[in-house]
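# Generate coordinates for the sequence data below:
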Amino acid sequence: MLHSLFRILLFGAVLTFNLLLPNSASGAIGAQVSYDSGNDVVGAYVSMPNGQGPYPAIIVIHEWWGLNQWIRDSADRLAEQGYVVLAVDLYRGEMADNPEDANRLSRSLPGQQATNDLKAAFNYLKSRQD
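Below is the predicted model of the structure:
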């Protein structure tokens, strides 16, 4: 289980690196959404290309700061490249603005909760028409 979570986090790091590349897109449409994860409701930011789908999808995992504006902007840049992008809020609404709080948030995130939220994110995207 931990090995799978590590692979997901590694993919997120690679994805973050790729976000530094320039894009040539024409816009994206973003919105706050929520979906069920077991008995919980998880918030997320979804960004879509400006046009007709269907599109491939990407799940974005935020850094230790939380689902902040930089992550939303990164999701928009990916959407401009032709993806439906779901940036999951693993901290359930909390964000850090200093390293101490970021460390506290990242260390207190239960691994099973994160895994469940990411699986539910996949199912949410799979259920979408676009």
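
# What are the boundaries of the strands in this protein?
28-37, 40-49, 57-61, 84-88 (DSSP state E).

# Can you add mean pLDDT and give those back as JSON lines?
Output for the strands of the chain, formatted as JSON lines (pLDDT from 0 to 100):
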{"stretch": "strand 28-37", "mean pLDDT": "90"}
{"stretch": "strand 40-49", "mean pLDDT": "94"}
{"stretch": "strand 57-61", "mean pLDDT": "94"}
{"stretch": "strand 84-88", "mean pLDDT": "96"}
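
# Can you name the residues bridging to the residue most central in space within the chain?
The chain has residue 87 as the residue nearest its centroid, 2.0 Å off, counting by C-alpha atoms, centre = their mean. In this entry, residue 87 is beta-bridged to residue 45, residue 60, by DSSP bridges.

# re earlier: any chance of a markdown table for the strands of the chain, columns distance to residue 101?
In short, each C-beta sits where N, CA and C put it, glycine included. Formatted as a markdown table, these follow (distance: least, C-beta to C-beta, whole Å):
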| stretch | distance to residue 101 |
| --- | --- |
| strand 28-37 | 22 |
| strand 40-49 | 19 |
| strand 57-61 | 18 |
| strand 84-88 | 19 |
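
# what about this structure, any weak spots by pLDDT?
Where the chain drops to pLDDT under 70, the residues are 1-26.

# one more time with 50
2, 5-7, 9-10, 13-14, 16-25 (pLDDT under 50).

# if I look at the residue of it positioned farthest from its centre, how far off is residue 107?
No residue in the chain sits farther from the centre than residue 100, which is 22.3 Å out by C-alpha atoms, centre = their mean. Separation of residue 100 from residue 107 (C-beta to C-beta, to the nearest Å): 11 Å.

# same check, this time on residue 118
From residue 118 over to residue 107 the distance is 18 Å, taken as C-beta to C-beta.

# With neighbour numbers in mind, choose between those two.
Set residue 118 next to residue 107 and count neighbours by other C-beta atoms under 10 Å: residue 118 wins out with 22 against 8.
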